[in-house]
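Q: I need the structure of the sequence given here:
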Amino acid sequence: MLIDLSSDLKMKEGFQLAIDRASKLCHAKMNDWQKGLLHYFAANAWEGLRHLKSNNGEASCQWHMEEVEKAILNYRLCNQYLRNCAMPRYLCRSNTNLGNVLNTLGRFVEAIELWNRALAIESSFSMAILNKAYGLITYSSSLYDNGHQAVFAKYAYGLFKQGFKDKYIGSLRGLRQDLKRGI
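A: Residues are numbered from 1 along each chain as shown. Sure thing, here's the model as predicted:
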């Protein structure tokens with residue numbers, strides 16, 4: 001909630017507080033699922049900081065960005081801890097978010113693989129479908145061959161149609177089920 005509120009209010013201090021709390025909790029005794037969630041939310045906080053900086057023009061031309069490195073590290077740690085958990089919903093989201101970060105860095109192939117992993121977990125997850133479609137469009141813009149660009153665009157178009165068809169209902173249903181189980 002702190003991370004979402006910080007995003008809505010565009011407050012750097014909220015993201016920093018979430019990051020500080022997460023780093024203190026890293027040393028607490030937790031099971032793998034709890035560790036995975038901790039890293040998922042820490043990564044989201046680092047991503048929130050990155051978005052704030054880029055929207056303010058602070059980080060637009062920097063080669064080395066701590067926020068990006070920390071987000072990638074935390075999403076990868078999340079994936080490591082959650083890979084064998086019985087409820088993979090956050091693994092799906094983490095793969096999607098990590099794919100999004102890598103896509104912004106121009107690492108399209110890795111991003112597509114992560115979106116595919118997310119969709120293997122939850123095939124109707126609209127965020128993964130739509131980000132994969134956007135990633136394919138981004139990827140196609142770096143191709144020199146117009147024919148190849150058209151193939152990517154056609155595939156992306158199909159994904160956009162698929163992603164908007166569900167209007168996030170599948171994701172909300174699953175989230176509701178998690179909340180009912182007390183998670």
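Q: List the buried residues for the helix or strand containing E69?
A: For E69, the enclosing helix or strand under DSSP states H and E is helix 66-82. Using 16 or more other C-beta atoms under 10 Å as the burial criterion, the residues of helix 66-82 that qualify are 67-68, 70-72, 74-75, 77-79, 81-82. Quick note: C-beta positions are derived from backbone N, CA and C, even for glycine.
Q: And that helix, how far out from the chain middle?
A: Mean-position distance between helix 66-82 and its chain equals 10 Å (C-alpha atoms, centre = their mean, to the nearest Å).
Q: Which elements pack onto the helix or strand following it?
A: Using DSSP H and E, the helix or strand that follows helix 66-82 in sequence is helix 89-104. Helix 89-104 sits against helix 32-55, helix 66-82, helix 108-121, helix 126-140, helix 169-180, with contacts defined as 3 or more C-beta pairs under 8 Å, 6 or more residues apart in numbering; DSSP states H and E.
Q: What is the burial count for the nearest residue to Y157 once chain neighbours are set aside?
A: Spatial nearest neighbour of Y157, excluding adjacent residues (C-beta to C-beta, 6 or more residues apart in numbering): A133 at 7.7 Å. Applying other C-beta atoms under 10 Å, we find 23 other residues in the vicinity of A133.
Q: Just to check, A133 is in contact with A153?
A: No. A133 lies out of contact with A153 (C-beta atoms under 8 Å); the separation is 9.8 Å.
Q: Show the model's pLDDT score for G48.
A: Each residue has a pLDDT score; the one for G48 is 91.
Q: Remind me which helix or strand the nearest residue in space to it that is not next to it in sequence belongs to.
A: Using C-beta to C-beta, 6+ apart and skipping residues adjacent in sequence, the residue nearest G48 is F15, 4.6 Å away. Here F15, judged by DSSP H and E, is contained in helix 12-25.
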